[in-house]
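J.: Okay, here's the prediction I keep looking at, along with the sequence it came from:
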Amino acid sequence: MLTNAELAEFLKAIVVLLLAAHSMGFVFDKLHLPRVVGEITGGFVLGPSCLGLLAPGVAAQLISDSPLQEQLLSAFHWVGLTLLMFTAGFRIQHGFLTKDGKTVFILLASATILPFGAGWAATAYFDLNSYIGPNGDTVTFALVLAIAVAVTSIPVISRIFIDLGVINTRFARIVLAVSTIQDILLWAVLAVATSLAGAKTGTQSEVAVVVLKPLAICVAGLILGPPVLRFLQKLKVASVIRSAKLGFALIWCFLVAQIAAFFDVNIVFGAFIAGVALGSLKPGQMEEEKEQISRFSLAFFIPLYFAIVGLAIDIPTAFDLWLFIAFLLFSTIIEGLCAFAAMRALQFDGLTSFNFAVAMNTRGGPGIVLASIAFETGLVDERMFVTLVLTAVTTSIAAGAWFRYIVQRGIPLMSKQNK
């Protein structure tokens, strides 16, 4: 049991982190910048890179660095991440291939498979072994780097489109459709990487089982999850479920996460699959409960998670300038060129193709989540963690600025296809 003093210290840290996250999120909103970047900045200001460097005594008073405090904040960090992935899962669009199927498929293949392969190949051509974490190896590090090059942020790019009033355009629909499929594929690969981290030794058959587990969880969750939910609603306990839908939705999230953990698959991937299954229910089912979970998570757990990520960024000791510049340029150019080439091959004009290149380069929340999971599970070291977070932040700010410039000048985001 926590003592009164220990509980008071913990609650003070929560208040300080939430206040910083929401305050900076508000400022970034007013500046027409992604709110998630502001929430990270809130934690960053309190951490070793700002307040901890300029006034370490004050920083220690606000947020204690005791082992117990770190464990408690770590627990809230993981709960926030779990709810973030659950929310991301049930917000995924369904039935998005009814229009522009060819365009979605070609852009998906070009902006996902090719950048992923380039990221993987980079680990073979460049000596990056010093950036591997204590639980990682060359294979898991290559997987993380490949995902980091290919990932696109649905939450950030969606918020940009909503703020600019273009969320219902054909351009936005294509970007979100590609990002949706991309998310499912890349989170499955990350689940493989984290599973491999716990199986460094073993026979080829044992390693194969480790690789297949997250893929099996993904397939089973996507196929069996929706009918299981519908079946539960028809049982005699349905009256209990109807009386406490919000509780049932959260139980579903943590139950599927536990099932994933039982099979040695990362719990946040289980939460994501649970969310996808919940989101597949018929329109109108559990809508109010999903909105309640989303609102509360966005008010408490998710800003707290991003603030804790910012708190962990240690620029004085863990910022590798050349690594950051190299990765930012490499990932941006590769992802951009692949998306640009795909759209040009579909006979869209240069500006439209460039707009898609910018959109697919918006790494935002998923890029930060990737960095967080990879660092917490020991797949990458602190320098690579800082690089991945800063790359996600930089690309998100750049995308927001570019699309605001285009829309304010009345330039169409997407022209008609050339004949």
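T.: Structure's in. What do you need?
J.: got the contact list for stretch 128-147?
T.: Stretch 128-147 is contacted by residues 115-120, 122-124, 186, 189-190, 192-194, 196-198, 200, 323, 370, 374-375, 377-381, 383-384 when judged by Cβ atoms under 8 Å, 6 or more residues apart in numbering. C-beta coordinates here come from the backbone N, C-alpha and C atoms, glycine included.
J.: Tell me the predicted confidence for Val393.
T.: Per-residue pLDDT puts Val393 at 89.
J.: Leaving out chain neighbours, which residue sits closest to it?
T.: The shortest distance from Val393 to any residue other than its chain neighbours is 5.2 Å, reached at Val37 (Cβ to Cβ, 6 or more residues apart in numbering).
J.: Any figure for the gap between the one you found and Leu54?
T.: As judged by Cβ to Cβ, to the nearest Å, Val37 and Leu54 stand 21 Å apart.
J.: what about these two, which has more around it?
T.: Each of Val37 and Leu54 has its neighbours counted (other Cβ atoms under 10 Å); Val37 has more, 26 against 9.
J.: Can you find the helix or strand of this protein with the lowest average pLDDT?
T.: Taking mean pLDDT, DSSP states H and E as the measure, helix 238-243 is the helix or strand of the chain with the lowest mean score, a mean of 58.
J.: Which SSE is immediately downstream of it?
T.: Secondary structure here is assigned by DSSP states H and E; on that basis, the next helix or strand after helix 238-243 toward the C-terminus is helix 245-262.
J.: buried residues in that following helix?
T.: 245, 248-250, 252-254, 256-257, 259-260 (16 or more other Cβ atoms under 10 Å).
J.: What angle do helix 245-262 and the next helix or strand after that helix make with each other?
T.: The helix or strand immediately downstream of helix 245-262 is helix 267-279, counting by DSSP H and E. Between helix 267-279 and helix 245-262, the angle formed by their directions is 140 degrees, by axes from the mean of the first three to the mean of the last three Cα atoms, to 10 degrees.
J.: ok, Leu62 - contacts?
T.: Applying Cβ under 8 Å, 6+ apart to Leu62 gives the contacts 12-13, 16, 46, 51.
J.: Give me the average confidence score over stretch 102-112.
T.: Averaged across stretch 102-112, pLDDT comes to 90.
J.: Over to stretch 148-164?
T.: The predicted model assigns stretch 148-164 a mean pLDDT of 78.
J.: quick one: that stretch to chain centroid distance?
T.: 10 Å (Cα atoms, centre = their mean, to the nearest Å).
J.: What residues sit buried inside that stretch?
T.: Of the residues in stretch 148-164, those buried under the neighbour-count criterion (16+ other Cβ under 10 Å) are 148-161, 163-164.
J.: Repeat that for stretch 221-233.
T.: 221, 225-226, 229, 233.
J.: Now that stretch - C-alpha only, CSV.
T.: Extracted in CSV, the C-alpha atoms of stretch 221-233 (Å, rounded to 0.1, in the frame of the first residue of the first chain):
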residue,chain,number,x,y,z
GLY,A,221,-9.0,-10.9,-33.9
LEU,A,222,-10.1,-9.3,-37.2
ILE,A,223,-12.1,-12.4,-38.2
LEU,A,224,-13.4,-13.7,-34.9
GLY,A,225,-13.6,-10.5,-32.9
PRO,A,226,-16.8,-9.0,-34.5
PRO,A,227,-18.9,-12.2,-34.4
VAL,A,228,-17.8,-12.9,-30.8
LEU,A,229,-19.0,-9.4,-29.8
ARG,A,230,-22.3,-9.9,-31.6
PHE,A,231,-22.7,-13.4,-29.9
LEU,A,232,-22.1,-11.9,-26.4
GLN,A,233,-24.8,-9.4,-27.1
